[in-house]
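K.L.:
how does the following fold in three dimensions:
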Amino acid sequence: MFRRALKRLESRWRSYRHRFVPWLVLNLGKNERTLRQVTGRSEDKLVPDEEVSRSLLKLFGALLRTDTAEPAVAALSVSPQAAHDAMFQSMGFSIDRRPSTLPLAGTGVFVTRGFVPKGATVAMYPGTVYQAYEPIFFQSIRNPFVFRCIDGVLIDGHDKGISKVVYKSCSGRDRLGPFLLSDTSWLTASPKNPLAVGQYVNNCSNKQPANVCYQEYDLPDQFPLELRQFLPNVSYSHDTLRPVRCVVLVSLRDIKPGEELLSNYYTIVH
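P.N.:
Presented below is the predicted three-dimensional model:
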């Protein structure tokens, strides 16, 4: 009985470690092909922030046009198929969650249609954004979806348990009149923003190198109000002076349909 329990634990760990930040940190030196070295936040930009903004504006605008409802509630009525069609038509590709090709890695993210050119914004990492000083201990317990930014900001991308409750609470708090300022549908099996599956992108391995990388992106003040309803991120504390932190995944090379997205992690060098 103990041996069976140990095997189950080992199996769960092999899956968990593909996203578990402390495990990655301890093994960085052993797995150089999974790393991308940067010297600071400004050096993690594979493409300019303006290009990320253009991609998001293009997709979000297409999502808004898929429904004739009022802008403040349009996100609630976009069907999953319509959302993926809008992504394909506006960006030239679509992605979705499927069982990973990595051994015991659980769910992964794949290009399902079209062609992803190098430098494209391929996915977003959804979740509640915590500053380095804000409490996240209880949310982080047995949580493999906490992403750490270069400056110590954390994004909790777990779509279940207390993490889900916290996100929905913060999202409900941050409204501007009738306008939604964030999207909660990524917490379900059918996100209205098809980019919002970045937390399921697995880390690469020595045998399967990365084809995407993480890039931090602070939402600009001029981002249209009516399109913010598609953003899968919300700040833990209500701070009108601080821009919303987002993390996108950008393609490192051309990616063909059927390929799984695999990321690498940056390490800061001095």
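K.L.:
residues contacting Gly114?
P.N.:
Contacts for Gly114 (Cβ atoms under 8 Å, 6 or more residues apart in numbering) come out as 88, 91-94, 257. Bear in mind the C-beta positions are built from the backbone N, C-alpha and C, glycine included.
K.L.:
could I get the buried residue list for stretch 191-206?
P.N.:
Within stretch 191-206, the residues scored as buried using 16 or more other Cβ atoms under 10 Å are 191-205.
K.L.:
residue boundaries of the helices in the protein?
P.N.:
For the chain, applying DSSP state H gives helices covering 2-16, 21-26, 49-65, 80-91, 137-140, 161-173.
K.L.:
out of the ones you listed, which gets the lowest mean score?
P.N.:
When the helices of the chain are ranked by mean pLDDT, helix 21-26 comes last with a mean of 41.
K.L.:
how much space between Arg228 and Asp174?
P.N.:
Distance, Arg228 to Asp174, using Cβ to Cβ, to the nearest Å: 9 Å.
K.L.:
higher neighbour count, the two?
P.N.:
Between Arg228 and Asp174, counted using other Cβ atoms under 10 Å, Arg228 has the larger neighbour count: 19 against 16.
K.L.:
for Val111, see how far away that one is.
P.N.:
Note on Arg228: its distance to Val111, by Cβ to Cβ, is 27 Å.
K.L.:
of the buried residues of stretch 191-206, which belong to strands?
P.N.:
Judged by DSSP state E, the subset of those located in strands is 202-203.
K.L.:
most widely separated two among the buried residues of stretch 191-206?
P.N.:
Pairwise distances across the buried residues of stretch 191-206 (Cβ to Cβ) peak at 32.0 Å, for the pair Lys192 and Ser205.
K.L.:
run a quick neighbour tally on Ser140.
P.N.:
Residues near Ser140, counting by other Cβ under 10 Å, number 18.
K.L.:
residues contacting it?
P.N.:
Residues near Ser140 by Cβ under 8 Å, 6+ apart: 146, 156.
K.L.:
least confident secondary structure element in this protein?
P.N.:
Every helix and strand in the chain was compared by mean pLDDT, DSSP states H and E; the lowest is helix 21-26, with a mean of 41.
K.L.:
would you check that Pro117 makes contact with Leu252?
P.N.:
No: counting by Cβ atoms under 8 Å, Leu252 is not a contact partner of Pro117; they are 11.2 Å apart.
K.L.:
of these two, which one has the most company?
P.N.:
Leu252 (20 against 13).
K.L.:
returning to what we had before: which of the buried residues of stretch 191-206 sits closest to Val78?
P.N.:
Distances from Val78 to the buried residues of stretch 191-206, taken as Cβ to Cβ, are shortest for Lys192 (4.7 Å).
K.L.:
so where's this protein shaky on pLDDT?
P.N.:
1-43, 67-77, 240, 265-270 (pLDDT under 70).
K.L.:
from the centroid of it, which residue is nearest?
P.N.:
Tyr125 (1.3 Å; Cα atoms, centre = their mean).
K.L.:
how close does that residue sit to Tyr200?
P.N.:
Taken as Cβ to Cβ, the span from Tyr125 to Tyr200 is 10 Å.
K.L.:
ok, now Asp49?
P.N.:
Separation of Asp49 from Tyr200 (Cβ to Cβ) stands at 24 Å.
K.L.:
quick one on the thing from earlier: pretty sure the residue nearest to the centre of the chain contacts Arg245?
P.N.:
No: if you go by Cβ under 8 Å, Tyr125 and Arg245 don't touch, sitting 9.9 Å apart.
K.L.:
if anything else comes up later, I'll come back, but that's it for now.
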